[in-house]
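In: 3D, please:
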Amino acid sequence: MILLTIACWLLLGYIGGWIFAKKGYPPKMGILIGIFFGPIAIALCAVLPRTREGREQAALEREINHENTINLGSKRCPKCDRECGISARFCPRCEHRFEAV
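Out: So this is what the prediction gives:
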């Protein structure tokens, strides 16, 4: 039972560190606050405003995710104009073979 309690408090520390890192604060401080103050600290960490670095990091992550969705999108079959997955080797409708890239 005591091991479960310790594991829960360590998990709260991990969550606190993760929240602090996402918001641009030092993760070590979030870990310590999460471990010592528990669920109340996690709730308070969640309402902290982002730092300037945190906002810049979030904007960069959004931009990267947007680029990934564009790059991992789909391609059109030149024969029947159907959209196929980017990794498709042939079109399922007309069986046109795509060139290997």
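In: All the strands of the protein, in order from the start?
Out: With DSSP state E, the ranges of strands along the chain come out as 74-76, 83-85.
In: give me phi/psi at the closest residue to Tyr25 other than its chain neighbours?
Out: Spatially, and ignoring its direct neighbours in sequence, Tyr25 is nearest to Thr51 (6.4 Å; C-beta to C-beta, 6 or more residues apart in numbering). (Glycine included, C-beta is placed from N, CA and C.) Note on Thr51: its backbone torsions stand at phi -80, psi 170 [degrees, to the nearest 10].
In: can you offset everything so residue one is 21?
Out: OK, 21 is where the count begins now, so the last one is Thr71.
In: Thr71 against Pro46, yeah?
Out: No. Using C-beta atoms under 8 Å, Thr71 makes no contact with Pro46, being 10.2 Å away.
In: closest one to Glu119 among the strands of the chain?
Out: Closest approach to Glu119 among the strands of the chain (C-beta to C-beta): strand 94-96, 10.7 Å.
In: Can you give the distance of the biggest helix by length in the chain from its chain's centre?
Out: Secondary structure of the chain read by DSSP state H shows that its longest helix is helix 22-43. In terms of C-alpha atoms, centre = their mean, to the nearest Å, the centre of helix 22-43 is found 18 Å from the chain centre.
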